[in-house]
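Student: structure, please.
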Amino acid sequence: MANPKRKLSRASKGHRRAHLALTRTQLVACTHCGAMIRPHTICKACGHYRGRQILPAAN
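Tutor: Predicted coordinates for the structure are as follows:
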């Protein structure tokens, strides 16, 4: 198996990991109740998705 010959410096490791930063979660307002939800998901507050009642309301 391949093994590194030398220890990888912190700078080289940082350059490799430069694109691994976390991104913010995208949120949109539910069209029915206005709660902030992730796109393309059922609203947990009212149970609507694309204008249709999918789940019973979580009251």
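Student: the helices in the protein, which residues?
Tutor: For the chain, applying DSSP state H gives helices covering 10-16.
Student: tell me where the model's unsure across it.
Tutor: 58-59 (pLDDT under 70).
Student: apply 90 and report the result again.
Tutor: Low-confidence segments of the chain (pLDDT under 90): 1, 51, 55-59.
Student: residues touching the residue most central in space within it, list them.
Tutor: For the chain, the residue nearest the mean C-alpha position is residue 25 (4.6 Å; Cα atoms, centre = their mean). Residue 25 makes contact with residue 38, according to Cβ atoms under 8 Å, 6 or more residues apart in numbering. Where you see a C-beta, it was placed from the backbone N, CA and C, and this is true even at glycine.
Student: quick check: it vs residue 37, distance?
Tutor: Distance from residue 25 to residue 37, counting by Cβ to Cβ, to the nearest Å: 10 Å.
Student: distance check, the residue nearest to the centre of the chain against residue 38.
Tutor: Distance, residue 25 to residue 38, by Cβ to Cβ: 7 Å.
Student: again, but for residue 26
Tutor: Counting by Cβ to Cβ - residue 26 and residue 38 are separated by 7 Å.
Student: between the two, which is the more surrounded one?
Tutor: More neighbours surround residue 38 than the other of residue 26 and residue 38, with 11 against 7 (other Cβ atoms under 10 Å).
Student: quick check: the more buried one touching residue 30?
Tutor: No: using Cβ atoms under 8 Å, residue 38 makes no contact with residue 30, being 10.5 Å away.
Student: my guess is residue 46 contacts residue 35. True?
Tutor: Yes: here residue 46 reaches residue 35: they are 7.1 Å apart, a contact under Cβ under 8 Å.
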